[in-house]
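Participant: 3D, please:
(one chain, ligands or ions: 2)
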Amino acid sequence: MAPEKTLNDLFLDTLKDIYFAEKQILKALPKMARASQSEEGKAGFLKHRDETQGQIERLEQVFELIGKPARGKTCEAIQGILAEGEEIIEEYKGSVALDAGLISAAQAVEHYEIARYGTLIAWADQLGLTEATALLQATLVEEEATDSKLTELARASANPKGKKAA
Ligand SMILES: [Fe+2]
Ligand SMILES: [Fe+2]
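Facilitator: Ligands and ions are numbered 1, 2, ... in the order given. Have a look, this model is predicted:
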């Protein structure tokens, strides 16, 4: 019989998943900033790139807290979400709807992260990992704030701009 897996295993596997994902996101954000037609969008993507660097460091602290090496595990979900983002950049290059598309791609990333961090926080809490819970919570706050800013940016400028003929 295979050894029984517990919530500890799930926690570690999911931590590796988001660690891999954050590193991919770190590489994708400068590309999204370059692609963005609006200055506000560019600045927003670059700011979140810096936050993402800090989030990776928090994850490394969580690995340390549970006495495991910081190691990523291929996350096909984030690879798919980021590939869709690149597809939008490619297919909407030079069009008025590019920024609306970019924001939608970025929000898919944020929602993936929000799902993962929400779960990790619940499990860390259940496992009595108080410090890890606080670190993960700090990141979740940043992901949620980023998501809200993207919603505002879409409503205030990218979506209306996207309707107009070039
Ligand atoms: Fe993140
Ligand atoms: Fe994020």
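Participant: Quick check: pLDDT value at the closest residue to residue 14 other than its chain neighbours.
Facilitator: Spatial nearest neighbour of residue 14, excluding adjacent residues (Cβ to Cβ, 6 or more residues apart in numbering): residue 120 at 5.8 Å. C-betas here are computed from N, CA, C, even on glycine. The model reports residue 120 with a pLDDT of 98.
Participant: Please apply the same query to the one 4 residues further on.
Facilitator: The per-residue pLDDT reported for residue 124 equals 98.
Participant: go on, residue 104?
Facilitator: 98.
Participant: Likewise for residue 2?
Facilitator: 82.
Participant: Relative to residue 17, how far out is it?
Facilitator: As judged by Cβ to Cβ, to the nearest Å, residue 2 and residue 17 stand 21 Å apart.
Participant: which one of the two has more residues nearby?
Facilitator: residue 17 (19 against 4; other Cβ atoms under 10 Å).
Participant: secondary structure element for the spatially closest residue to residue 85 that is not a sequence neighbour?
Facilitator: Spatial nearest neighbour of residue 85, chain neighbours left out: residue 105 (3.5 Å); criterion: Cβ to Cβ, 6+ apart. Secondary structure assignment for residue 105, by DSSP states H and E: helix 98-126.
Participant: Show me what that helix is packed up against.
Facilitator: helix 7-35, helix 39-65, helix 76-92, helix 130-153, helix 159-163 (3 or more Cβ pairs under 8 Å, 6 or more residues apart in numbering; DSSP states H and E).
Participant: ok now stretch 126-133, how far from the chain's centre?
Facilitator: On the basis of Cα atoms, centre = their mean, to the nearest Å, the separation between the geometric centre of stretch 126-133 and that of its chain is 22 Å.
Participant: and what of stretch 59-77?
Facilitator: 15 Å.
Participant: and that stretch, does that touch ligand 1?
Facilitator: No - Stretch 59-77 lies out of reach of ligand 1 by Cβ under 5 Å from the ion, never closer than 9.2 Å.
Participant: what's that stretch in contact with?
Facilitator: 11-13, 15-24, 112, 124, 129, 131-132, 135-136, 139 (Cβ atoms under 8 Å, 6 or more residues apart in numbering).
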